[in-house]
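Novice: One predicted model, sequence on top.
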Amino acid sequence: MDVCPLPQNEAERQNKVQSLRSLENAEDEVFEKLVALASEYFEVPIALVSIVDDNRQWFCARVGVDVVETPRRDAFCAHAVMAETLFQVCDALDDPRFRDNPLVVGEPGIRYYASVPLLTEDRLALGSFCIIDTKPRPPLSPRDESMLESLAQLAMLRIRNIRKATFIDQPTGLYNRLRLEEDVESALRAGQRITVVAADMIAPAFLNDIVKVLGYPFSAALMLHIKTRLQQALPEDYLLYKVSPTRFGFIVEGGGREAVESLSHRLADVFAAPIECEGIPLQIRFGAGILNLDPALDNRDWLRLLVSSADNARETGVRWRYYEAALDHAQQRAFILLSSLSKAVHAEDQLRLEYQPRVDVLSGRMVGVEGLLRWRHPQLGGISPAEFIPLAEKTALIRPLSLWVAERAIEQAFEWQRRGLDWKVSINVSASDMDDADFVDRIIELVRSHQIDGSCLELEFTESVLMKNPEEVRRNLFRLRDQGIELAIDDFGTGYSNWSYLRDLPASSVKLDQSFMRNVQTEERDQRVVGAVIQLARQLGYRVVAEGVETEELYRLMQWWGCDEVQGYYVARPMPAEQLESWMQSRD
């Protein structure tokens, strides 16, 4: 059997075929009626609507065969797509191209084959409409040729209608992401340099809140208002696409950087005023991502890069942002870290706690330690908590991470208590932790099951816990205090700072934010602020702990201002639990 040659436009043809994958196994009623009609009219046992893919042919509809695809190397239709007219084999056994074909010598035993290619508007053959018989037949009459051509045209019309529906975003009536991808790839294949812009309009979380509070009809109406404003700002000949539930896009052909930036500014300007939807004004936080595409370069990942740039522009509050490789690298790293962190929580050798001593300022005696989370990624090495904790706090990962820290810290406190060491262990908890009664239940359960004194554990939380649900947070904090667990306000003086709330919290100590320590030795204004904050906290009945104390001079200043405890490199760096006793002995 001869090897079937490839059409000269095979690459372009395959791009079109890729957009038809939704038709596979779709069981479309129109296709089914067309092949049934062909089988009856031509009195043949087999009729097919066949799409020729890169290494196979698959059937949109079929009569007379059970299989849904065959290898391309065996497909008669692979020869049919080489031409734009009728392709006919009257007796396959007499044709050297097919007489050894498995579909001829085996099932279904093809002897006669006739087909008309399924041609796109730009004359690309996607496949064919074919009829097959298991016995030889004479060539089709002109009338029958015309009938087969008409059936093929009807099948292609159905494909166009389905593709058109596939390319339309129903709520807005705009072309969708699939059409944008096809149009971009078509322009690049034609050798055009283009600029693609994605406008990120609403944070997905905000859209979700809109749906929950105002419903889907309201969110759909809001998107139509956004669409109208965008179209009013764009030149009339620009196509607007709906890229995702919260993003729109368009293509700029041949525009220079100045023109693209001017257009982006104009789009941002039209969203400076709120959109009023059903009597409710909403401020849209517009951000545009801009990506230049060169047909000579590898552009396979262009849509991800574009969306990433648009998302960053909206989040950071800038009007528009060109794609930047460094920014993309940072976002990919953040995704890798989040993906890896969920595994690290369950691994035995990635996460660990180190403990940094806290000492009484007057006596120098160690009164407790802070448990600090450390992560060594198997490929990336050590990851700073300053990098992965903020990422975890934006996701549901913070809960298992906080529980992992709590469990290890309580186990260590139990071990020290068993050995007669009354060291208090402090750990950080997030705002979402303190808002969750289940998390508090778990902490109380761990303390009870390990039979440790509650005062051996201290939970540090920032003032931001009061921002969302202060009454629920207060209830949970009082439950913890009732178990003897100590509470500390971390980063004191930089957050919410509603003194009426702070006065009523059951915390026993506050930890001065490290930012206070940076310039306190040289800046008189910072000295006044730190001194005032310490005095205020002491007047409210809090024990004051200073973090970030790295010099003896700063240590003495904390003594002078009445600070109770200090923590920092001047005292000791964080260390594994097994080194802590050696460190203590070295101070005696």
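Specialist: Everything's here; your move.

Novice: Only C-alpha atoms from now on, for both contacts and neighbour counts.
Specialist: Noted.

Novice: got the contact list for stretch 409-422?
Specialist: Stretch 409-422 is contacted by residues 353, 371, 423-425, 427, 446-447, 450-452, 456-457, 577 when judged by Cα atoms under 8 Å, 6 or more residues apart in numbering.

Novice: repeat for stretch 224-232
Specialist: Here stretch 224-232 has contacts from 172, 240, 267, 270-271, 275, 277, using Cα under 8 Å, 6+ apart.

Novice: out of these, who's nearest Gly249?
Specialist: Closest approach to Gly249 among the contacts of stretch 224-232 (Cα to Cα): Leu240, at 5.9 Å.

Novice: isn't the closest one right next to Gly249, touching?
Specialist: Yes. Taking contacts as Cα atoms under 8 Å, Leu240 lies within contact range of Gly249: 5.9 Å.

Novice: who has more neighbours, the two?
Specialist: Shown here are Leu240 and Gly249; by other Cα atoms under 10 Å, Gly249 has more neighbours (25 against 19).

Novice: before we move on, what SS does that one have?
Specialist: strand (DSSP: H, G, I helix; E, B strand; the rest coil).

Novice: ok, it - contacts?
Specialist: 180, 196-199, 240-243.

Novice: Report the beta-bridge partners for it.
Specialist: When bridges are called by DSSP bridges, Gly249 pairs up with Ala198, Tyr241.

Novice: What part of the chain, helix or strand, is modelled with the least confidence?
Specialist: Of all helical and strand segments in the chain, the minimum by mean pLDDT, DSSP states H and E falls on helix 499-504, at a mean of 64.

Novice: if we can go back for a sec, now, of the contacts of Gly249, which are buried?
Specialist: Neighbour-count burial (16 or more other Cα atoms under 10 Å) is assigned, among the contacts of Gly249, to 180, 196-199, 240-243.

Novice: Can you give me the pLDDT of the residue nearest to Ala220 when sequence neighbours are not counted?
Specialist: Excluding its sequence neighbours, the residue lying closest to Ala220 (Cα to Cα, 6 or more residues apart in numbering) is Pro171, at 6.6 Å. Pro171 is assigned a pLDDT of 89 by the prediction.

Novice: wait, is Pro171 part of a strand?
Specialist: No. Assigned with three-state DSSP, Pro171 falls outside any strand and is coil.

Novice: Near it, how many other residues are there?
Specialist: 12.

Novice: what's the answer for Gly382, then?
Specialist: Neighbourhood size, Gly382 [other Cα under 10 Å]: 12.

Novice: residues touching it, list them.
Specialist: Contacts of Gly382 by Cα under 8 Å, 6+ apart are 374-376.

Novice: can you put those residues in a markdown table and add secondary structure?
Specialist: Putting the contacts of Gly382 into a markdown table (three-state DSSP) gives the following:
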| residue | secondary structure |
| --- | --- |
| Arg374 | strand |
| Trp375 | strand |
| Arg376 | strand |
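
Novice: What subset of those residues is buried?
Specialist: Here, 16+ other Cα under 10 Å leaves 374-375 buried among the contacts of Gly382.

Novice: And for Arg257, the neighbour number?
Specialist: Other residues close to Arg257 by other Cα under 10 Å number 12.

Novice: Contacts only, for the closest residue to Asn299 other than its chain neighbours.
Specialist: Nearest non-adjacent residue to Asn299, counting by Cα to Cα, 6+ apart: Leu293, 7.0 Å away. For Leu293, the contact set (Cα under 8 Å, 6+ apart) comprises 188, 193-196, 299, 302.

Novice: These in helices, which ones?
Specialist: Using DSSP state H, the subset of the contacts of Leu293 located in helices is 188, 302.

Novice: can you list residues touching both of Leu240 and Gly249?
Specialist: Common neighbours of Leu240 and Gly249 (Cα under 8 Å, 6+ apart) do not exist.

Novice: can you list the buried ones among the contacts of Gly249 in CSV and add distance to Glu463 and pLDDT?
Specialist: Formatted as CSV, those follow (distance: Cα to Cα, whole Å; pLDDT from 0 to 100):
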residue, distance to Glu463, pLDDT
Leu180, 46, 92
Val196, 43, 93
Val197, 40, 92
Ala198, 37, 92
Ala199, 35, 90
Leu240, 45, 94
Tyr241, 43, 95
Lys242, 41, 94
Val243, 39, 92
